[in-house]
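>>> Structure for the following, please:
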Amino acid sequence: MSKRLFIIGSLFVLVTGFSFYALTSHPEHQDKLNNPTTASAELILYYGETCPHCKIVEQYIADNKIDQKIKIAHKEIYNNQANNDELVSKANYCQLDLKTVGVPFLWTGADCLIGDQPIIDFLNQQVK
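So this is what the prediction gives:
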């Protein structure tokens, strides 16, 4: 019985050790896990399908052809859990209180902006 426990315990330690090694042995992967700014340099607009403030930002982008001037990824969060988790990760990076985080939410690659007017003001500055 103790031989069996020893084998199971050894396998567990080996698998755990290999997993840790795999995650930490590739600096480029570890950097992306620890610092979301390196994962993508583009702007990411997180929005909700039925969010009225999001529609204001989307209309501004369309009316001013912002997508033709700046690369912006659009990610819906109400119906996509992965996108929602990504937004939460960015909000945590910016040290925002998750109780106050909502959409529209713009990730600039280094900062988080929330709300239609702050996002529109930021985009205005980028295209001037």
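>>> doesn't residue 49 fall inside a helix?
No - applying DSSP: H, G, I helix; E, B strand; the rest coil, one finds residue 49 to be coil, outside a helix.
>>> What number of residues are in the vicinity of it?
12 (other Cβ atoms under 10 Å). Where you see a C-beta, it was placed from the backbone N, CA and C, and this is true even at glycine.
>>> which residues sit in contact with the nearest residue to it once chain neighbours are set aside?
Leaving out its chain neighbours, the residue that sits closest to residue 49 by Cβ to Cβ, 6 or more residues apart in numbering is residue 78, at 5.2 Å. When contacts are counted by Cβ atoms under 8 Å, 6 or more residues apart in numbering, residue 78 touches 48, 49, 50, 51, 84.
>>> Tell me which residues touch the fourth one, please.
With Cβ under 8 Å, 6+ apart as the criterion, the residues that contact residue 51 are 78, 103, 104.
>>> Repeat the analysis, applying 6 Å as the threshold.
Residues near residue 51 by Cβ atoms under 6 Å, 6 or more residues apart in numbering: residue 103.
>>> From residue 45, how far off is it?
Distance, residue 51 to residue 45, by Cβ to Cβ, to the nearest Å: 11 Å.
>>> Kindly report the same for residue 84.
14 Å.
>>> Which one of these two is surrounded by more residues?
Taking other Cβ under 10 Å, residue 84 and residue 45 do not tie; residue 45 has more neighbours (23 against 17).
>>> Give me the phi and psi for that one.
For residue 45, the backbone dihedrals (degrees, to the nearest 10) come out as phi -100, psi 110.
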